[in-house]
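Quick one, fold the following:
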Amino acid sequence: MTAAERREEILMRLGSCNAPVSASVLAEELGVSRQIIVGDVALLRAGGAEITATPHGYTLAGKREDGLLRRTVACVHDASGTEQELNIMVDNGCTVVDVIVEHPVYGQLTGALALQNRYDVRCFLDRSAEAAPLSSLTDGIHLHTLLCPDAESFARVRRELDAAGFLLPE
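Residues are numbered from 1 along each chain as shown. Coordinates of the predicted model:
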C-alpha cells in the first residue's frame, strides 16, 4: 500500500466509525507505526481534511450528529471545579465535545474533549493532572460545546451549573 492509499484508508476508516479511533489502532490495522499515522493525519489536515484529535483518538469533523442538539454553555470556575462541571454535563446525557477559550493574543483556542460519561471525565482528569486547564488563561471563563439528546437535557445542565455557581452570568 502506498502512502497516498494509506491516507485514503485513514479517511475512509474515520468516516465510517461512530467513535474516535486511536493512532495505535490505525497503525495496527494498517501495518505501520503510530508515528507514521500521526504524520499521515498531519498531512491530511494540511490538505484540508477536518480531522479532530480527541483524548480517545481521531474523528472526522462534520459527521452526522444523529439528531442530537448542539449547544454551547459559558462557564466560569477555577481548576477545582472542573470535575464537578464535567460530571454535571455527562450525568445529564450530554457529550462534552470541547472546551473553548478566547486568548488575547491567539484568539479562539479549542481543546477537543469528547467526554460522554464519568469514566471519560476521570480519564481526562488523570491525563491532565500535570497541566493547567485552558480556562486558566482566561481567569476561568470558558465555553463548552455539548451534544444533548433533547432541550430538557440542556436545560437541566444549565440549571445544575447555575446552582453550582459555574454558569457565567449573562
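
For the residue lying closest to residue 59 once chain neighbours are set aside, the count of nearby residues, please.
Using CB to CB, 6 or more residues apart in numbering and skipping the chain neighbours, the partner closest in space to residue 59 is residue 20 (4.5 Å). C-betas here are computed from N, CA, C, even on glycine. Counted with other CB atoms under 10 Å, the neighbours of residue 20 add up to 18.

Surely residue 101 forms part of a helix?
No. Residue 101 is assigned strand when assessed by DSSP: H, G, I helix; E, B strand; the rest coil, not a helix.

For residue 59, see how far away it is.
From residue 101 over to residue 59 the distance is 21 Å, taken as CB to CB, to the nearest Å.

What of residue 108?
From residue 108 across to residue 59, the span is 20 Å (CB to CB).

So if I had to pick from these two, which one is more boxed in?
Using other CB under 10 Å, the more surrounded residue of residue 108 and residue 59 is residue 59, with 21 against 9.

I figured the more buried one hits residue 14, correct?
Yes. The pair residue 59 / residue 14 is scored as a contact, 6.3 Å apart, by CB atoms under 8 Å.

who touches both of those two?
21, 51 (CB atoms under 8 Å, 6 or more residues apart in numbering).

Show me the shaky parts of this structure.
When residues are selected by pLDDT under 70, those of the chain lie in 62-66, 136.

those helices in it, which residues are they?
Using DSSP state H, the helices of the chain run over residues 3-16, 23-30, 34-46, 82-91, 118-127, 151-163.

Return the most buried member of these.
Comparing the helices of the chain by mean neighbour count (mean count of other CB atoms under 10 Å), helix 82-91 ranks first with a mean of 19.

That one relative to helix 151-163, how many degrees between them?
Helix 82-91 and helix 151-163 are oriented at 160 degrees to each other (axes from the mean of the first three to the mean of the last three CA atoms, to 10 degrees).
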